[in-house]
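Peer 1: sequence plus the predicted model coming up.
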Amino acid sequence: MSELWIGTSWKMTKTLAEARAWTSGLVEALDGAAPDGVQPFVIPSFTATTTVRGILGEDSPVLLGVQNAHWEDAGAWTGEVSVPQAKDAGAELVEIGHSERREHFGETVETTRLKVAAALRHDLTPLLCIGEDAQVKEAGGSSAFILEQAAGALEGLSERELARVVIAYEPIWAIGEKGRPATTAELREPFAELGRVYGDRAAGLLYGGSVNLGNAEDLLGIEHVTGLFVGRTAWDLEGYLELLRIGARAAR
């Protein structure tokens, strides 16, 4: 079995002091090595990227990401950060297409495709987020919807490039403070379809959406799930460390 990806995005949380404390605690707990069979990753806010990089060190087993990046290498894009800038700050991974970016900031299938290509062009790992809303789910269109989202963002990639992409399925109805945790039964079909198309081609197929310490083990037991992308549960360091332990047990 390949490594299970266990990671978190801090979204718009944590001051620099809080970022230092969380990351320092993680470094101390890992003592230079990730749990067997697990690939940890953390995606702080842009303001904390270099701080977290400095604490992790250059040879850390923890991958460092950013929550977004522009598709152009440079230019008059006020408020944006380019992939080269993210890489210069120490990032190794770029989160692309999160539903909040799609809903509030105009992210489209076309821009996700451009951003995936930009990340690959600069040797960063794209973490592509896909997911449907409750209306699509209730109409029975979940699998078709997420496959279309993924195909649009990954159009034109070679098999070698696709093998460097991580896909995170995050149904909109299951994420955030108002999200409802998905049952394993609800997730089997979407992951069966994702596995059929990308299971042996992409670097990983992650699940994200109201992941907590009570359901993480069951989620990792779903066929084709190769990791978890976690929000609030992992913002507390002890929660994240426990998720790593759960991942290590599942990887055995």
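Peer 2: Structure's in. What do you need? Numbering: from 1, shown residues only.

Peer 1: ok so W5 is a strand residue?
Peer 2: Yes: assigned with DSSP: H, G, I helix; E, B strand; the rest coil, W5 falls within a strand.

Peer 1: pretty sure it contacts Q39?
Peer 2: Yes: with contact defined as CB atoms under 8 Å, W5 reaches Q39; the gap is 4.9 Å. Yep, even glycine has a C-beta here, placed from its N, CA and C like the rest.

Peer 1: which of these two has more neighbours?
Peer 2: Taking other CB atoms under 10 Å, W5 and Q39 do not tie; W5 has more neighbours (25 against 22).

Peer 1: just the pLDDT for that one.
Peer 2: We note a pLDDT of 98 for W5 in this prediction.

Peer 1: start at 18, not 1
Peer 2: Noted, 18 is the first residue going forward, which turns the last one into W22.

Peer 1: hey, what's it bridged with?
Peer 2: Assessed by DSSP bridges, W22 has beta-bridge partners Q56, G244.

Peer 1: rewinding a little: any common contacting residues for W22 and Q56?
Peer 2: With contacts defined as CB atoms under 8 Å, 6 or more residues apart in numbering, the residues shared by W22 and Q56 are G244.

Peer 1: what residue in the protein is the furthest from its centre?
Peer 2: A93 (27.8 Å; CA atoms, centre = their mean).

Peer 1: that residue in helix, strand or coil?
Peer 2: Classified using three-state DSSP, A93 is coil.

Peer 1: then K195?
Peer 2: Following three-state DSSP, K195 is assigned to coil.

Peer 1: Q166 too?
Peer 2: Look at Q166: counting by three-state DSSP, its state is helix.

Peer 1: CA atoms only: put stretch 77-87 into PDB for me.
Peer 2: Extracted in PDB, the C-alpha atoms of stretch 77-87 (Å, rounded to 0.1, in the frame of the first residue of the first chain):
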ATOM      1  CA  SER A  77      11.100  17.700   7.000                       C
ATOM      2  CA  PRO A  78       8.900  14.700   6.400                       C
ATOM      3  CA  VAL A  79       6.000  17.100   6.500                       C
ATOM      4  CA  LEU A  80       5.000  18.700   3.200                       C
ATOM      5  CA  LEU A  81       4.200  22.400   3.300                       C
ATOM      6  CA  GLY A  82       1.500  23.800   1.100                       C
ATOM      7  CA  VAL A  83      -0.300  27.100   0.200                       C
ATOM      8  CA  GLN A  84      -4.100  27.500  -0.100                       C
ATOM      9  CA  ASN A  85      -4.100  29.000  -3.500                       C
ATOM     10  CA  ALA A  86      -1.700  30.400  -6.200                       C
ATOM     11  CA  HIS A  87      -2.200  32.300  -9.500                       C
END
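
Peer 1: now do it, average pLDDT.
Peer 2: Mean predicted confidence for stretch 77-87 is 98.

Peer 1: before we move on, what about stretch 48-55?
Peer 2: Regarding stretch 48-55, the rounded mean pLDDT is 96.

Peer 1: how long is it end to end?
Peer 2: Chord length of stretch 48-55, first to last residue, is 15 Å (CA to CA, to the nearest Å).

Peer 1: buried set for that stretch?
Peer 2: Of the residues in stretch 48-55, 51-52, 55 count as buried by neighbour count, 16 or more other CB atoms under 10 Å.

Peer 1: tell me how far that stretch lies from the chain's centre.
Peer 2: Relative to its parent chain, stretch 48-55 has a centroid offset of 19 Å by CA atoms, centre = their mean, to the nearest Å.

Peer 1: name the residues that touch that stretch?
Peer 2: 18, 20-23, 57, 78-79, 261-262, 264-265, 267-269.

Peer 1: neighbour-wise, which of those residues leads?
Peer 2: I23 leads these on contacts (other CB under 10 Å) with 30 neighbours.

Peer 1: which parts of the protein are helices?
Peer 2: Here the chain has its helices, by DSSP state H, at 33-47, 66-73, 100-105, 116-122, 126-138, 151-155, 159-171, 176-179, 201-215, 233-237, 249-252, 254-268.
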